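# Structure for this input, please:
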Amino acid sequence: MDTISFLIAFAVVMWGLQILLGWRQIQRFNKEFQRVSTKGRTLIGRNNNGRFKAKVIFVLAIDEQENVIDCLYMKGFSVFAQPQSCPNLIGLKLNEIDPVALFPQDQNSRLALQSALSIS
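Coordinates of the predicted model:
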């Protein structure tokens, strides 16, 4: 096998691996999203910061009094990013949440949380 054929085969295998890992990430996020969304009204926010910056998604489940019952976030720019819980938001009222105070150094997380809160 010459060099060009090897590089093409390698690129095809890596592309297939990217598709498989992306599908797996979506499945994990959807499973966690379904778990959170059964608990109450759901607010979703994400950042729109460009192509080469980490993406952040927040999912907040709230009750009738606008208290956060459950929270989920996913942050990263690869297929290895996993959904995680955010216990520091659980129990807070929506109007008590200050994205700047929670994420003083992380603009992407601030923007995603602000996006979720603006939907309410």
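# Quick one: name whatever helix or strand follows the helix or strand residue 24 falls within.
Under DSSP states H and E, the secondary-structure element containing residue 24 is helix 3-37. Secondary structure here is assigned by DSSP H and E; on that basis, the next helix or strand after helix 3-37 toward the C-terminus is strand 41-46.
# who's in contact with that following strand?
Strand 41-46 is contacted by residues 36, 55-63, 112-120 when judged by Cβ atoms under 8 Å, 6 or more residues apart in numbering. The way it works is simple: take the backbone N, C-alpha and C, and place the C-beta from them, glycine included.
# List the buried residues in that strand.
Buried residues in strand 41-46, counted by 16 or more other Cβ atoms under 10 Å: 42-46.
# and what of stretch 51-64?
Across stretch 51-64, burial judged by 16+ other Cβ under 10 Å covers 55-62.
# What of stretch 93-106?
Of the residues in stretch 93-106, those with enough neighbours to count as buried (16+ other Cβ under 10 Å) are 94, 97, 99, 103, 106.
# Distance of the first one relative to residue 119?
Separation of residue 94 from residue 119 (Cβ to Cβ, to the nearest Å): 10 Å.
# Nearest residue to residue 60 in space, please, no chain neighbours.
Here the nearest residue to residue 60 in space, its sequence neighbours aside, is residue 43; by Cβ to Cβ, 6 or more residues apart in numbering that works out to 4.4 Å.
# again with residue 70
Setting aside the residues directly before and after it, residue 70 is nearest to residue 61 in space (Cβ to Cβ, 6+ apart), at 4.3 Å.
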